[in-house]
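Trainee: Have a look; sequence and predicted model below, questions after that.
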Amino acid sequence: MTNYVKWLSHKWILLTLIIIVILAGLAISNRRATARPQEDATIVLSIEDEPSGISYLIGVDNQANEVIGRIDYDDTATGIAKYQEFNNKELAGILQDIDAIDTIPVKITFNAPLGQTAFTEFVEQYQIDAKNYTIYMLEPDGKIATIQGSPSDTELVPGEHFNMTTTSISQEYNDGADFVGWVEVDGTVRVNRISEMKADQRIYMIDIMQLFLESRLTDEALATAGVAKSVRQELLRAGFTDIYRAPVAWNLYHLGLMQRESSH
Amino acid sequence: MKTITLDKHIKNGKLALLILAALIIPLVATVYAWDTAANYGHDDHTSWSADDGYHRGQNEWSGSDRRIRAGDDYVKWNSYSPGGSGHLAMVYHAFKPNTNDCGDVRVGNSSWSWSNLPNVNFSTKGCGLGAENEWRANVYGTISTGTNYYFQHLFDDTQDGGTGEITVNTYWVNIGGSGPYHGKFCINSTSVYAASPGC
């Protein structure tokens, strides 16, 4: 009898251990598939605009104490066209509400890549205060290499950095990568230049989503989301640290909607 | 004239050596073009984190202006699935040695960055406006498994003789973002060197 009780006791211990081992194994094997980043964030605004298929979000990264924006659009040809249409509609509204001499932040995507001379002329023509720009190169296997650059105090395209990056891509990794050209520019422009820009065949779209989100980042919206007053003031003063949105140019290029020949 | 046939090469194992050399030489050449290089480690594995890669560093001078070039290459995913809403990002941080504090080395104010990651753009933050210590390659395209990717950024040493470290992580980003740490290299007043494991 005693032996039987002992055997039963051992059996249960053994069974418990087996279950623990199985569960631990499952947890470990499942870790890769289920691990998710632990974000400490407050959602201030989250909207899905059904007609356009665009969703936009304003959130506060509580760890860094920063406001972040996010814009998602469908990256098909139809989705991009709707995104373009959405921006055009919002831009029309902005033009009615803002003084002509004011400047607004814009991200301009080109219909075809521009060469350096054409890009410089474009920026000068519209007196764009360029913050940064995007250049594409084409690797031999068809991958796009993206360069993001910005002006120096004296040059729109600092020669030293331009040569370093293009040489690095062409020689260090993929011998013979082809230069494609400038595909996007981010910066500010005077409102009174927008009408002319809208008719410019070099431009695919003028993205004004930064301004669109900025107009929705208000003390009231932050208060409704439960952000403390002292923090709200700081966040409103600093504005958006970043606005995440997929570059339109890459999708245009891969969908064959961007003309491939660079304009020089 | 002596004719060397393909059969003979194969027989002697020379062809195999030639193929091996052709495969290794470009890799070694790239490795030695940098001051330091470390294979990716992992403090965690997620469905979206990079599986392999080299985290490299280089000391560069432009006149009296010291820069630190960070470049990761042969970055590869063996399997990949998204981490939910948001996007993938490869992230550099420039810290004081062995801390999470902002140090002398900062994101280059010229902010030139480059990569062959799919549909990528670059953003910076941390340490206040114009003095960022965090750099992100935000990836909006779909990662192809088994493909080699690279990304680079040129950091600025604000002291032109400062110290620090540059780390690399894979993040999943919706608003803030976080993710596995792959390693770092160290910076002293005159050079960059491998972490072992600290600086």
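Mentor: Perfect, I can see it now. Residues are numbered from 1 along each chain as shown, chains lettered A, B, ... in the order given.

Trainee: where's the one helix or strand residue A:167 maps to relative to the chain centroid, distance-wise?
Mentor: Assigned by DSSP states H and E, residue A:167 falls within helix A:159-167. A distance of 24 Å separates the centroid of the chain from that of helix A:159-167, by CA atoms, centre = their mean, to the nearest Å.

Trainee: and the residue most central in space within chain B, what helix or strand is that in?
Mentor: Centroid-nearest residue in chain B: residue B:72, 1.9 Å away (criterion: CA atoms, centre = their mean). Using DSSP H and E, residue B:72 sits in strand B:65-76.

Trainee: mind listing what the helix or strand just after the helix holding residue A:167 pairs with, with the direction of each?
Mentor: Going down the chain from helix A:159-167, the next helix or strand is strand A:178-190, by DSSP H and E. Partner strands for strand A:178-190, per DSSP bridges, with pairing direction: strand A:103-114 (antiparallel), strand A:129-138 (antiparallel).

Trainee: got the buried residues for strand A:178-190?
Mentor: A:179-187, A:189-190 (16 or more other CB atoms under 10 Å in any protein chain shown). No exception for glycine: its C-beta is placed from N, CA and C like everyone else's.

Trainee: Run through the residues of the stretch 51-200 of chain A sitting next to chain B.
Mentor: A:57, A:59-64, A:66, A:68, A:70, A:132, A:134, A:139, A:143-150, A:152, A:158, A:160-161, A:164-165, A:168-169, A:172-174 (CB under 8 Å from any CB of the partner chain).

Trainee: List the buried residues of stretch B:80-95.
Mentor: B:80, B:83, B:86-95.

Trainee: Helix, strand, or coil at residue B:153?
Mentor: Three-state call for residue B:153 (DSSP: H, G, I helix; E, B strand; the rest coil): strand.

Trainee: residue ranges with poor pLDDT in chain A?
Mentor: Residue ranges of chain A with pLDDT under 70: A:1-39, A:172-174, A:261-264.

Trainee: Next one: the nearest residue to residue A:43 once chain neighbours are set aside from residue A:207, what distance?
Mentor: In this structure, residue A:43 finds its nearest non-sequential neighbour in residue A:59, 5.2 Å apart by CB to CB, 6 or more residues apart in numbering or on different chains. Noted for residue A:59: a distance of 20 Å to residue A:207, by CB to CB, to the nearest Å.

Trainee: and these two? which has more neighbours close in?
Mentor: Counted by other CB atoms under 10 Å in any protein chain shown, residue A:59 and residue A:207 do not tie: residue A:207 has more neighbours, with 25 against 21.

Trainee: Now do the same contact list for the closest residue to that one other than its chain neighbours.
Mentor: The shortest distance from residue A:207 to any residue other than its chain neighbours is 4.0 Å, reached at residue A:107 (CB to CB, 6+ apart). Under the criterion of CB atoms under 8 Å, 6 or more residues apart in numbering or on different chains, the neighbours of residue A:107 are A:184-186, A:206-207, A:209-210.

Trainee: repeat for residue A:197
Mentor: Neighbours of residue A:197 in contact, by CB under 8 Å, 6+ apart: A:108, A:126, A:189, A:203, A:206.

Trainee: could I have the helix or strand in which it is found exported to CSV, CA atoms only?
Mentor: Assigned by DSSP H and E, residue A:197 belongs to helix A:194-198. These are the backbone C-alpha positions of helix A:194-198, laid out as CSV (Å, rounded to 0.1, in the frame of the first residue of the first chain):
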residue,chain,number,x,y,z
ILE,A,194,1.2,76.6,-54.7
SER,A,195,-1.2,77.4,-57.6
GLU,A,196,1.7,77.5,-60.0
MET,A,197,3.1,74.2,-58.5
LYS,A,198,-0.3,72.5,-58.9
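
Trainee: Off-centre distance for that helix?
Mentor: 24 Å.

Trainee: State the pLDDT value of the closest residue to residue B:170 other than its chain neighbours.
Mentor: Leaving aside its sequence neighbours, residue B:170 sits nearest to residue B:49 (CB to CB, 6+ apart; 4.1 Å). You'll see residue B:49 listed with a pLDDT of 97.

Trainee: Please list all residues in contact with the residue nearest to residue B:147 when sequence neighbours are not counted.
Mentor: Closest residue to residue B:147 apart from its sequence neighbours, by CB to CB, 6+ apart: residue B:76 at 6.8 Å. Contact analysis of residue B:76 by CB under 8 Å, 6+ apart lists B:50-53, B:145-149.

Trainee: let's go with 10 Å and repeat that
Mentor: Each residue near residue B:76 by CB atoms under 10 Å, 6 or more residues apart in numbering or on different chains is listed here: B:40, B:50-53, B:143-149.

Trainee: Drop the exposed ones from the residues you listed and show what's left.
Mentor: B:40, B:50-51, B:53, B:143, B:148-149.
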